[in-house]
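Enquirer: quick one: sequence plus predicted model below, questions after.
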Amino acid sequence: MNVIASVVGILALVPILVVTTIMLRHDNKSSNTAASSSNSASASASASASPSSTAAPLPSRAAPPIKARAAKKTSGPCGYAENASKLTQGNLFDVGLPPDPKPTPTVDRTAVFTTNQGTITVLLDAKNA
């Protein structure tokens, strides 16, 4: 009786797998054909979205030049500082400096991150923060 049930189950499963495979292959061909015809019409070199994506790509923008000025430095305990030589180089956006924490951290903390590759334990050293 178990053998008959197994054979019937396999016979029912095979057509489902065949139909699914045919449908998936047909779906990819129609999407690839449409994508290749639209790609050949445009001459821009940009990353193409997946066939199921409907979101427009995000616009890119160029960084405005940073006017010549002295490098900034915060007056708090962390003393964040800019690098004066890099202010006028390349594609940089002037986003300012982070605020110094109030109060200044004095106690070491341990942070544990759980990832799909295992756990990561990090010691946050308040003295050297």
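Expert: Received the coordinates, thanks.
Enquirer: please, where are all the helices along this structure?
Expert: Taking DSSP state H to define them, one finds helices in the chain at 2-41.
Enquirer: OK, contacts around Thr104?
Expert: By Cβ atoms under 8 Å, 6 or more residues apart in numbering, the contact set of Thr104 is 76-78, 126, 129. The C-beta positions use only the backbone N, C-alpha and C, and glycine is treated the same way.
Enquirer: per-residue confidence, it, what does it come out as?
Expert: pLDDT recorded at Thr104 is 79.
Enquirer: and the gap between it and Thr110?
Expert: For Thr104, the distance to Thr110 (Cβ to Cβ, to the nearest Å) stands at 19 Å.
Enquirer: tell me where the model's unsure across the chain.
Expert: Within the chain, the ranges that satisfy pLDDT under 70 run 27-53, 129.
Enquirer: greatest separation within the contacts of Thr104: which pair is it?
Expert: Gly76 and Ala126 (14.5 Å; Cβ to Cβ).
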